[in-house]
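Engineer: Pasting the sequence and the predicted coordinates here, then a few questions.
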Amino acid sequence: MSDYAGENVFKTRAYIKAAELIHHLDKELSEFVKNGGSPEDIPGIGDKIGGLIRELVSTGGSKTYQELASKVPRDFFEMLKISGIGVKKLKTLCESLNINLLDELFDMAKNGRVESVKGFSKKSEQLIIAEIERIKAVGRSKLYYIAAETYSELEILVRNIAVIKNIGRCGELARCLPVITSISMLINISDGSHIESAAKDVMNLTRSVAAKKISSAGAIYISATSELTDIPLQFYISSVSEKSFEAITAFLSYNEDFTNEIISDANGARKIIIPPPAAEDLEAIFNSGEAYNAKIAAIPFIYSQFAWKAYGVKKLLNMTPVDRADIRGTFHIHTTYSDGIDGLETNVRKAIECGLEYIGISDHSKNSFYANGLSEERLIRQIEEIDALNKKYRPFKIFKGVECDILKDGSLDYSDDILSLLDFIVVSVHSNFKMEKRLMTERMQKAISAPYPLMLGHMSGRLLNSRAGYELDYEKVFETAAACGAIIELNCNPHRMDVDPGRMPALKNLGIRISINPDAHCAADICAHLIYGVNGANLGGLSKEDIINTMKLNEIEAFLERMKFERKKCNG
């Protein structure tokens, strides 16, 4: 926003850095300030930003923000979600065409007005149309972690109702999908005669308005909107036994075909037709729950439609889900050597605190100059520091790596002499996203054929709800990875979740191993992000054996050494 308004670039960077610092604090900043704490005591926060923080805490607003907001379009942040349109291009468009709203930009593009603006073509106009259509399709959906936080806040409010016996998350949130389109909550009360009053209390406490309400069989379904969030809410309010409560939670978390197949398989009987979760006939849902509670309650929440269709019910029910405790270590961690918030040793201590046996450091390579990418000299200096820390923290192990840019022609950002010094390499695309599909595929195939212990980072380049991935022939990339023994990363930064869980059955069938990597830019994110990776692996129906960072330290050391030898031999 400050860039658009013409603010000094250094001031803009100071705001961004302060926001990152505040986001990763281990304490609630508002409470800290209210209790007499000084924002300036936080390293990296200066007098001016400290003053803004105090103003926000004391008044709930900021004059500086309001002044900036008055200088930018009303839908500024929505329009910034358009892939390929940065602040400068957006400013040119909005000022040339007098645009204030996303819909106005959409109409201008549809009517051919965008290509008339200097610096824009018919092709860029069509891309803007496609991107706005994508943004509209995303609508009010939320990333999993944001929806989970909202659910927790709503649950705290609802638990204040005296007759509440139990509350369960269901629907998409229970399945831990990376993007959530609505929050579904099953509310069980102790006395069915109070169901109407309980429903009123739920609506009042969550400051919700009913868009639809259905009452049937001693249960109430409410589709609602709330002042507290812009994501749609669904409340199911009932009074049932605890066993039936678990079963109904499962009923409300899967589509009818999946649940019917589970029941049929468990019974060995004919297919039992039940309604989908949002059915008008609540009685069928709750009666089914009563009748089949033992079988339905046993269904694990982890499995998604693509895993179910790839493996079938019998195999899924015999699989052991991956657990967070199965993850022994992880890779793809950034430090202050490039664009991370915390230093090497801070990351090491945090990983040990989380119970990990090893981590792999992979700061940005030199081509990522915008992220303070490492020159060869700085990378060698980091290697030396890692060697010293490995002696200090033994038996904990820090693997030496880098997130190496895949250049436009598919070559890597360092020479063979430098790359050979490392224990592993994450190779990633950070530029030239708009390449034609065939060329992007060949670029990636060449990169993952390089003779080093290699992981393909955030494979599609997508940012959930923000940026579509680049054009890529996934089948060909997977075939190359399988042939040359490359690892494919499950980047479990909640904004990425890349590779998509829907592609994991294909990886598993080809015998490609994955690494659950947090893409951590601060020490706190190392462990915080890993649970999202576990969720993603389970959504894709993976097992422990498919994931390299379920290996113990001695196993992963031997694995990386073997990988280095085999890939050198394979690639000449």
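Structural biologist: All right, it came through fine.
Engineer: tell me the domain boundaries of the protein?
Structural biologist: As assigned by automatic domain parsing, the chain contains the domains 9-130, 142-301, 324-570.
Engineer: So which of these is the most surrounded?
Structural biologist: domain 324-570 (a mean of 20; mean count of other Cβ atoms under 10 Å). C-beta: built from backbone N, CA, C; applies to glycine.
Engineer: Let's test this: mean pLDDT of that one, rounded?
Structural biologist: Per-residue pLDDT over domain 324-570 has a mean of 94.
Engineer: what helices or strands is the host helix or strand of residue 563 leaning on?
Structural biologist: If you go by DSSP states H and E, residue 563 is part of helix 553-570. Applying 3 or more Cβ pairs under 8 Å, 6 or more residues apart in numbering; DSSP states H and E, one finds that helix 553-570 contacts strand 397-400.
Engineer: do that again at 10 Å, thanks
Structural biologist: Applying 3 or more Cβ pairs under 10 Å, 6 or more residues apart in numbering; DSSP states H and E, one finds that helix 553-570 makes contact with strand 329-333, strand 358-361, strand 397-400, strand 454-456, helix 474-484, strand 487-491.
Engineer: What separates the first and last residues of stretch 402-412, distance-wise?
Structural biologist: Terminal residues of stretch 402-412 are spaced 11 Å apart (Cα to Cα, to the nearest Å).
Engineer: Stretch 57-76 too?
Structural biologist: First residue to last in stretch 57-76 (Cα to Cα) measures 25 Å.
Engineer: need the contact list for the closest residue to residue 442 other than its chain neighbours.
Structural biologist: Taking Cβ to Cβ, 6 or more residues apart in numbering, and ignoring the residues beside it in sequence, residue 442 has residue 410 as its nearest neighbour in space, at 6.6 Å. For residue 410, the contact set (Cβ atoms under 10 Å, 6 or more residues apart in numbering) comprises 427, 429, 439-450.
Engineer: Using a markdown table, lay out the helices and strands packed on helix 553-570 together with distance to residue 168.
Structural biologist: Below are the helices and strands packed on helix 553-570 laid out as a markdown table (distance: least, Cβ to Cβ, whole Å):
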| stretch | distance to residue 168 |
| --- | --- |
| strand 329-333 | 31 |
| strand 358-361 | 35 |
| strand 397-400 | 41 |
| strand 454-456 | 37 |
| helix 474-484 | 36 |
| strand 487-491 | 27 |
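Engineer: Which of the ones you listed sits closest to residue 106?
Structural biologist: helix 474-484 (30.0 Å; Cβ to Cβ).
Engineer: Now do that closest one: everything it contacts.
Structural biologist: Contacts for helix 474-484 (Cβ under 10 Å, 6+ apart): 438, 440-442, 444-451, 454-456, 459-460, 473, 486-488, 499-500, 503, 506-507, 509-513, 566-567, 570-571.
Engineer: what angle do that helix and strand 487-491 make?
Structural biologist: Orientation check (axes from the mean of the first three to the mean of the last three Cα atoms, to 10 degrees): helix 474-484 against strand 487-491 gives 130 degrees.
Engineer: quick one: helix 474-484 to chain centroid distance?
Structural biologist: 24 Å (Cα atoms, centre = their mean, to the nearest Å).
Engineer: quick check: angle from that helix to helix 553-570?
Structural biologist: Going by the same axes, to 10 degrees, helix 474-484 makes 100 degrees with helix 553-570.
Engineer: Show me the helices in the stretch 151-300 of the chain, by range?
Structural biologist: Listed from the start of the chain, the stretch 151-300 of the chain has helices (DSSP state H, counting those that start in this stretch) covering 171-174, 195-205, 242-251, 256-267, 282-291, 293-296.
Engineer: what's the answer for the stretch 351-500 of the chain, then?
Structural biologist: So, for the stretch 351-500 of the chain - with DSSP H, counting those that start in this stretch - the helices run 376-393, 416-419, 437-448, 474-484.
Engineer: that older thread, would you format the domains of the chain as a markdown table with distance to residue 316 included?
Structural biologist: A markdown table is the format used below for the domains of the chain (distance: least, Cβ to Cβ, whole Å):
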| stretch | distance to residue 316 |
| --- | --- |
| domain 9-130 | 35 |
| domain 142-301 | 8 |
| domain 324-570 | 7 |
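Engineer: hmm, back to that, from the contacts of residue 410, which two are the most distant?
Structural biologist: 439 and 450 (17.9 Å).
Engineer: Contact partners for the spatially most central residue of the chain?
Structural biologist: Central residue of the chain (Cα atoms, centre = their mean): residue 494, 1.6 Å from the mean position. Residues near residue 494 by Cβ under 10 Å, 6+ apart: 143-146, 148, 178-179, 464, 518-519, 525, 528-529, 531-533, 535-536.
Engineer: Among the residues you listed, which ones are in helices?
Structural biologist: 144-146, 148, 525, 528-529, 531-533, 535-536 (DSSP state H).
Engineer: So which of these is the closest to residue 400?
Structural biologist: Of all the ones in helices among the contacts of residue 494, residue 400 sits closest to residue 525, with 20.3 Å by Cβ to Cβ.
Engineer: show me what contacts the closest one?
Structural biologist: So residue 525 contacts 23-24, 333-334, 340-342, 347, 350, 492-494, 518-519 (Cβ under 10 Å, 6+ apart).
Engineer: Check the gap between it and residue 127 for me.
Structural biologist: 32 Å (Cβ to Cβ, to the nearest Å).
Engineer: do the same with residue 229
Structural biologist: From residue 229 to residue 127 the distance is 31 Å (Cβ to Cβ).
Engineer: Check residue 503 too.
Structural biologist: 24 Å.
Engineer: what's the answer for residue 352, then?
Structural biologist: 46 Å.
Engineer: And for residue 528?
Structural biologist: Residue 528 is 34 Å from residue 127, by Cβ to Cβ.
Engineer: in which helix or strand would I find residue 316?
Structural biologist: Assigned by DSSP H and E, residue 316 falls in helix 313-318.
Engineer: helices and strands around that helix, which ones?
Structural biologist: For helix 313-318, the packing partners by 3+ Cβ pairs under 10 Å, 6+ apart come out as helix 256-267, helix 305-311.
Engineer: if we go to 6 Å?
Structural biologist: helix 256-267 (3 or more Cβ pairs under 6 Å, 6 or more residues apart in numbering; DSSP states H and E).
Engineer: what mean pLDDT does the helix it packs on have?
Structural biologist: On average, helix 256-267 scores 63.
Engineer: how near is the nearest residue to residue 557 once chain neighbours are set aside to residue 554?
Structural biologist: Residue nearest to residue 557 in three dimensions, not counting chain neighbours: residue 397, with 7.1 Å by Cβ to Cβ, 6+ apart. To residue 554, residue 397 is 10 Å away according to Cβ to Cβ.
Engineer: Does residue 321 lie in a helix or a strand, and which?
Structural biologist: Using DSSP H and E, no helix or strand contains residue 321.
Engineer: So it versus residue 544, what's the distance?
Structural biologist: In terms of Cβ to Cβ, residue 321 sits 9 Å off from residue 544.
Engineer: One more: residue 165?
Structural biologist: Counting by Cβ to Cβ, the gap from residue 165 to residue 544 is 36 Å.
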